[in-house]
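Colleague: Sequence first, predicted coordinates after that:
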Amino acid sequence: MTGLRYIVIFAFLSLALSKSVRQTDEAKKELEQYILDKKPEIDPKWRLLYHVMPPVGWMNDPNGFSFYRGEYHLFYQFYPYDSAWGPMHWGHVSSEDLVTWKQLPTALLPDNEMCFSGSAVTDGDTMILMYTGRVISDVEPFYNETQYLALSDDGVNFQKYEGNPVLATTPNSSPDFRDPKAWRHGDHWYVIIGSKTDDSRGRVLLYRSEDMKNWQFLNVLGESNGDMGYMWECPDFFELNGKFVLLMSPQGLEPQGDRFKNIYQTGYIIGSFNYDTFEFVPEVEFQEIDFGHDFYAATTLGHDGKRYLISWFNMWEVPLPEDVDGWAGAMTLVREIELIGTTIIQKPVDGQKSLRDSEAIVTDLEPNQKLEFEKAAELIIEGSLDEKIELVFEGSEGGQKAWIRWQPDVRKVVVDRGSEDIRQVEWTPLGSHSWRIFLDASSIELFCGEGEAVFSSRLYPLGGWTVSNESPQSLRVEAYSLKRSFPE
Ligand code: FRU
């Protein structure tokens with residue numbers, strides 16, 4: 001999202017922000033009551049059954065993905081008072097298994113700062129949120145971004161640190177300075193933050209601290225050479241299978257053939273990193289991590305030797321049809337990621353199988369045959385890759401439809417929402433040749449093979465799902481209906 005747009009929206013919504021100028025317990029209680037009162041007004045037709053979504057109002061980026069006192073925590077950019085972006089709060093959910101979620105009270109309310117994206121770390125018994133405070137001003141450039149802390153000793157109630165902001169300037173005094181991702185290594189805390197150069201090239205800055213409060217600038221971890229966009233949002237940095245990965249969401253990439261077809265991208269650069277010189281040396285150029293229509297601002301969590309990824313399951317500057325129903329925005333399924341060669345592969349977490357509600361339907365689906373499902377289903381599909389595969393997903397009562405196809409001549413997987421709204425990528429299976437497809441009330445996620453090509457797209461059918469085989473070949477299908485795992 002661009003700075004100018006935030007300012008325009010803010011001008012319209014400053015009234016709502018003034019409602020919560022003081023982050024008192026009373027303001028928090030009022031907000032929870034507002035959410036309870038507002039929920040019954042939501043039209044449930046596209047409410048998801050097993051994806052994280054806001055209780056009411058608007059959701060964007062995942063924030064503060066962490067593990068604290070035996071539970072996974074996920075926060076998110078939240079505006080409760082409208083199903084459109086507004087002064088940012090942090091919504092909050094938790095889970096024991098990354099599959100079944102519990103709604104928790106809103107963690108952060110804006111005071112004079114909007115609570116933009118950030119991360120969470122655990123320091124002893126304390127959970128520390130580090131987030132960007134965006135403050136609007138009446139002098140150019142009309143906003144400023146600095147880094148704030150909020151602390152909790154129970155993982156539910158958060159107090160903003162009195163010494164905020166803890167990190168106020170970039171080496172070039174850029175007002176774009178957002179989305180801190182903090183982690184611990186050895187005796188220090190580290191943080192990377194998205195920013196830009198004076199001539200508007202996206203970059204990521206690296207800092208270090210002994211106490212999360214006093215920060216020292218170390219290095220520019222990565223920077224666009226001119227064709228990698230004007231701003232790098234939501235950076236993340238981690239070790240994966242012996243390499244270092246800089247994951248980020250650049251704005252301003254030009255479409256190139258099948259690549260970069262969404263307005264903004266999320267992807268990664270693989271390289272090596274040295275904690276003595278603080279230098280990241282890229283080895284593989286930027287690659288998108290998901291090829292669907294709706295995927296942005298992904299973030300990860302390392303826990304128990306595994307690395308998990310979750311993403312906003314939408315895109316900026318396109319309609320979110322559910323907004324007429326009183327809510328907007330969702331998260332993808334949590335995926336476990338690994339690096340194989342130069343590709344990050346993504347698989348739904350193991351526990352995802354626990355949502356299977358029925359015996360498997362196993363069948364050979366002949367050409368022109370159909371299967372019907374309720375709103376939530378999982379399908380595993382296999383056909384010959386020497387022939388065309390074409391599946392149509394549509395609502396049993398109409399609404400939007402999509403085609404998933406395999407084009408053997410060009411070896412591409414295609415997700416087609418009609419009207420030339422197509423995303424596609426070449427696919428060379430690493431092992432398995434099957435597709436694992438997750439259908440929810442307004443979404444489709446396709447995992448190809450071992451997860452080397454993944455598509456996340458929102459889709460708005462009416463009623464349950466009808467899946468038709470429009471291939472010239474019969475397809476092997478294993479299907480399950482899925483249980484609810486996110487509160488209504
Ligand atoms: C990314 C983003 C972040 C920012 C947040 C504001 O989608 O623009 O850079 O912190 O959204 O809601």
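Modeller: Nice, I can see it. Numbers count the residues shown, from 1 in each chain.

Colleague: C-alpha only now, for contacts and for neighbours.
Modeller: Will do.

Colleague: Quick check: end-to-end length of stretch 65-80?
Modeller: Length of stretch 65-80, first residue to last, CA to CA, to the nearest Å: 20 Å.

Colleague: Let me know the average pLDDT across that stretch.
Modeller: Computed over stretch 65-80, the mean pLDDT rounds to 98.

Colleague: Now the residue positioned nearest the centre of the chain: which helix or strand?
Modeller: Geometric centre of the chain, nearest residue: Ser311, 1.5 Å, by CA atoms, centre = their mean. Using DSSP states H and E, Ser311 sits within strand 306-312.

Colleague: Please save the CA atoms from that strand in CSV.
Modeller: The C-alpha trace of strand 306-312 is given here as CSV (Å, rounded to 0.1, in the frame of the first residue of the first chain):
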residue,chain,number,x,y,z
LYS,A,306,10.7,-26.4,11.6
ARG,A,307,9.9,-23.3,9.7
TYR,A,308,6.2,-22.3,9.3
LEU,A,309,4.8,-19.7,6.9
ILE,A,310,1.5,-17.9,6.8
SER,A,311,0.4,-15.1,4.5
TRP,A,312,-2.4,-12.6,4.0
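
Colleague: Buried residues of that strand, list them for me.
Modeller: Counting neighbours by 16 or more other CA atoms under 10 Å, one finds that the buried residues in strand 306-312 are Arg307, Tyr308, Leu309, Ile310, Ser311, Trp312.

Colleague: Surely the residue nearest to the centre of the chain touches Leu301?
Modeller: No: no contact is recorded between Ser311 and Leu301 when judged using CA atoms under 8 Å, the distance being 11.7 Å.

Colleague: What is the neighbour count of Pro472?
Modeller: A count of neighbours around Pro472, defined by other CA atoms under 10 Å, yields 13.

Colleague: quick one: it and His185, what's the gap?
Modeller: If you go by CA to CA, the gap between Pro472 and His185 works out to 54 Å.

Colleague: chain center to stretch 202-216: distance?
Modeller: Using CA atoms, centre = their mean, to the nearest Å, the distance from the centre of stretch 202-216 to the centre of the chain it belongs to is 23 Å.

Colleague: Can you check the distance spanned by that stretch, start to finish?
Modeller: Counting by CA to CA, the length from the leading to the trailing residue of stretch 202-216 is 21 Å.

Colleague: State the next helix or strand along the chain beyond the host helix or strand of Asn63.
Modeller: According to DSSP H and E, Asn63 maps onto strand 57-68. Scanning forward in sequence from strand 57-68 by DSSP H and E, the next helix or strand is strand 71-79.

Colleague: who in the stretch 1-150 of the chain is up against the ligand?
Modeller: For the stretch 1-150 of the chain, the contact set with the ligand under CA under 6 Å from any ligand atom comprises Met1, Asp61, Gln77, Phe116, Ser117.

Colleague: On the pLDDT front, check the fourth one for me.
Modeller: Model confidence at Phe116, expressed as pLDDT, equals 98.

Colleague: Can you report how many residues lie near it?
Modeller: 27.

Colleague: Would you check how far apart Lys160 and Glu382 are?
Modeller: From Lys160 across to Glu382, the span is 52 Å (CA to CA).

Colleague: swap in Ala297?
Modeller: According to CA to CA, Ala297 stands 31 Å off from Glu382.

Colleague: beta partners for Ser456?
Modeller: Ser456 has these beta-bridge partners by DSSP bridges: Glu445.

Colleague: Provide a list of residues in contact with it.
Modeller: Listed by CA atoms under 8 Å, 6 or more residues apart in numbering, the contact partners of Ser456 are Asp290, Phe291, Gly292, His293, Asp294, Phe295, Phe313, Thr332, Ser443, Ile444, Glu445, Leu446.

Colleague: Hmm, Asp82 is touching Met59, no?
Modeller: No: between Asp82 and Met59 there is no contact under CA under 8 Å: 10.2 Å.

Colleague: Same drill for these two, tell me which one is more crowded.
Modeller: Counted by other CA under 10 Å, Asp82 and Met59 do not tie: Met59 has more neighbours, with 31 against 17.

Colleague: before we move on, the earlier item: what angle do the strand holding Ser311 and strand 57-68 make?
Modeller: Computed by axes from the mean of the first three to the mean of the last three CA atoms, to 10 degrees, the angle separating strand 306-312 from strand 57-68 equals 170 degrees.

Colleague: Please see if strand 306-312 touches the ligand.
Modeller: No: Strand 306-312 does not reach the ligand (CA under 6 Å from any ligand atom); its nearest approach is 8.2 Å.

Colleague: Using the three-state scheme, assign Asn157.
Modeller: Remark: Asn157 carries the secondary structure label coil [criterion: DSSP: H, G, I helix; E, B strand; the rest coil].

Colleague: what's the neighbour count on it?
Modeller: 16.

Colleague: how far away is it from the ligand?
Modeller: Asn157 sits 21 Å away from the ligand, taking CA to the nearest ligand atom, to the nearest Å as the criterion.

Colleague: and the gap between that residue and Ile128?
Modeller: Going from Asn157 to Ile128 by CA to CA gives 11 Å.

Colleague: so what's the closest residue to the ligand within the stretch 251-400 of the chain up against?
Modeller: Ranked by CA to the nearest ligand atom, the top residue of the stretch 251-400 of the chain for proximity to the ligand is Ala297, at 5.6 Å. By CA under 8 Å, 6+ apart, the residues touching Ala297 are Asp61, Pro62, Glu233, Cys234, Met248, Ser249, Thr266, Ser311, Trp312.

Colleague: let's go with 10 Å and repeat that
Modeller: Listed by CA atoms under 10 Å, 6 or more residues apart in numbering, the contact partners of Ala297 are 60-63, 117, 179, 233-236, 247-250, 264-267, 310-315.

Colleague: same check, this time on Lys181
Modeller: Taking CA under 10 Å, 6+ apart as the test, what Lys181 contacts is 63-64, 117-121, 129-131, 190-194, 206, 234-237, 299-300.
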